[in-house]
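Enquirer: Quick one: sequence and predicted model below, then my questions.
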Amino acid sequence: MKIITEFAPGSLGTIIALHGQHYAQNWGFGTFFEAKVAHELAAFAGRMASNDLVLLAYDNEGLAASIVLDLNDPMSGERGGHLRWFICAERCRGTGIGRTLMDPAMSHADEHSNGNVWLTTFAGLEPARHLYERFSFILTHEQEGEAWGTVVKEQEFRRQP
């Protein structure tokens with residue numbers, strides 16, 4: 001497994017595809033969600049700052065996982081860095097790659113945002129929730145919503161050291 005810290009040619013499209021395919025197959029999300037990921041990821045790539053963190057893991061089949069710590073998200077406010085686009089290819093689920101990416105992401109947050117990090121997700125993603133809680137995230141808000149284009153129980157988690 002090789003981890004790089006910048007977007008490579010084609011990586012944006014692959015991250016979008018991984019999200020679109022996984023959430024369509026497992027949660028019934030549609031084009032709205034994939035377009036949202038594409039729009040927000042492209043906007044981030046266009047404004048990315050030197051203190052933001054991009055981690056992309058590659059295996060012999062290509063992009064295997066991604067995670068971004070967006071330290072300059074205008075929506076963050078006092079919540080700190082925004083953990084975004086955390087996805088693992090189906091072939092890598094359960095291998096520990098998520099933890100491998102979370103370790104340096106949280107170290108980066110400790111150094112650049114006093115450890116304050118937030119993320120949004122939805123109820124039912126138990127392996128991800130377990131990983132977030134392992135890294136000291138706590139559920140701070142939960143409500144039904146359609147931010148992903150489908151009604152789910154949206155959740156916000158925050159990490160405060």
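Expert: Yes, it's here.
Enquirer: where along this protein do the strands fall?
Expert: All strands of the chain, identified by DSSP state E, fall at 2-4, 53-59, 62-70, 81-88, 117-122, 137-145, 152-159.
Enquirer: How about the shortest one, which residues are buried there?
Expert: Pointing back at strand 2-4 there. Residues of strand 2-4 classed as buried: none (neighbour count, 16 or more other Cβ atoms under 10 Å). To be clear about C-beta, it is placed using only N, CA and C from the backbone, and glycine gets the same treatment.
Enquirer: So in that sheet, which strands flank that strand, and in what orientation?
Expert: Sheet pairing for strand 2-4, assigned by DSSP bridges, gives strand 53-59 (antiparallel).
Enquirer: How about the third one?
Expert: Neighbouring strands of strand 62-70 in its sheet, by DSSP bridges, are strand 53-59 (antiparallel), strand 81-88 (antiparallel).
Enquirer: residues in contact with that strand?
Expert: 1, 11, 14-15, 18, 44, 52-58, 76, 81-89, 91-92, 97-98, 101-102, 105, 108-109, 117 (Cβ atoms under 8 Å, 6 or more residues apart in numbering).
Enquirer: Same question for the fifth one.
Expert: Contacts made with strand 117-122 from outside it, assessed by Cβ under 8 Å, 6+ apart, are listed as 69, 76, 79-84, 86, 106, 109, 128-129, 132, 137, 140, 147-148, 152-159.
Enquirer: Those residues, buried ones only, as a ChimeraX selection?
Expert: Applying 16+ other Cβ under 10 Å to the contacts of strand 117-122 leaves a buried subset, and the ChimeraX line that selects it is:
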select :69,76,79,80,81,82,83,84,86,106,109,128,129,132,137,148,152,154,155,156,157,158,159
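Enquirer: Poorly predicted segments of the protein, please.
Expert: 161 (pLDDT under 70).
Enquirer: which residues does the residue nearest to residue 14 when sequence neighbours are not counted form a beta bridge with?
Expert: Distance criterion Cβ to Cβ, 6 or more residues apart in numbering; nearest residue to residue 14, sequence neighbours excluded, is residue 63 at 4.4 Å. Here residue 63 sits in beta bridges with residue 58, going by DSSP bridges.
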